[in-house]
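**Q** please work out how this folds:
(one chain, ligands or ions: 1)
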Amino acid sequence: MASRMASDSSKQNIAIYPGSFDPVTKGHLDLIARGAQIFDRLVVAVAQNSEKDPLFAATERVQMLEAVTYEWKNVEVDVFEGLLVDYARTRNARVILRGIRAVSDYEYELQMAMMNRKIEPQLETVFMLPAEAYSYLSSRMVKEVARLGASVKDLVPGIVEERLKEKLGKRN
Ligand code: PNS
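**A** Residues are numbered from 1 along each chain as shown. This is a model prediction of the structure:
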């Protein structure tokens, strides 16, 4: 019985949704909601040392993600370092989930997916489209408009809006 339970859980379709999430936006959340419906388990994986200079520390990004995903019982937030494919192997994941907003995303996403396939052919990248309302949304633009004093209320969850205000000292 125990061995059957172990093999059943190993058949779970686990997907990793990796990213910088600096910070999480409503576009990311839309994709998490879609991914959580398709996969048995979705691991939202925050890149600890992405090359960019992040506004939020990895622990802050994880904390915000945890706060906004707690309602999905099959969604987990984690942090990873190093190669994504190595991390995916440690989590028994068969799928990398990525969002594509517009054609402009495609080239970068294709390069990344092909590089990951080269290193780990067993791992599939699955692309999903966020709701049209979020097709222009990026963490980079959210930070920019927040820094310049515009409201980001419709673009990020409430907790992120608050954290941006604290970080950037704005009142909008
Ligand atoms: O949200 P982002 O910044 O577009 O996410 C990019 C991320 C973190 C998914 C990507 O940079 C990544 O997978 N980094 C881990 C290092 C790695 O595996 N690189 C080889 C694949 S390009």
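**Q** for this protein, what helix or strand is lowest in average pLDDT?
**A** Averaged element by element with mean pLDDT, DSSP states H and E, the chain has its least confident helix or strand at helix 2-10 (a mean of 51).
**Q** buried set for stretch 126-144?
**A** Judged by neighbour count (16 or more other Cβ atoms under 10 Å), stretch 126-144 contains these buried residues: 130, 134, 137, 139, 142-143. Quick note: C-beta positions are derived from backbone N, CA and C, even for glycine.
**Q** got it, and stretch 142-155?
**A** Of the residues in stretch 142-155, 142-143, 146, 152, 155 count as buried by neighbour count, 16+ other Cβ under 10 Å.
**Q** of those, list those near the ligand.
**A** The overlap between these and the neighbours of the ligand (Cβ under 6 Å from any ligand atom) is empty.
**Q** tabulate these in TSV, adding columns for secondary structure and pLDDT.
**A** TSV is the format used below for the buried residues of stretch 142-155 (DSSP: H, G, I helix; E, B strand; the rest coil; pLDDT from 0 to 100):
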residue	secondary structure	pLDDT
Val142	helix	97
Lys143	helix	96
Ala146	helix	96
Val152	coil	96
Leu155	coil	97
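**Q** now render the residues you listed as CSV, adding distance to Gln12.
**A** Listed next are the buried residues of stretch 142-155 as CSV, based on distance: Cβ to Cβ, whole Å:
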residue, distance to Gln12
Val142, 33
Lys143, 35
Ala146, 38
Val152, 36
Leu155, 33
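**Q** from those residues, which two are the most distant?
**A** Within these, two members stand farthest from each other by Cβ to Cβ: Lys143 and Leu155, at 10.5 Å.
**Q** who in the chain is up against the ligand?
**A** Those residues of the chain that sit near the ligand, judged by Cβ under 6 Å from any ligand atom, are 18-20, 47, 50, 83-84, 112, 115-116.
**Q** so among these, where is pLDDT lowest?
**A** When the residues of the chain next to the ligand are compared on pLDDT, Ser50 comes out least confident, at 68.
**Q** out of the residues of the chain next to the ligand, who's the most crowded?
**A** Scoring the residues of the chain next to the ligand on neighbours with other Cβ atoms under 10 Å, the highest-scoring entry is Pro18 at 23 neighbours.
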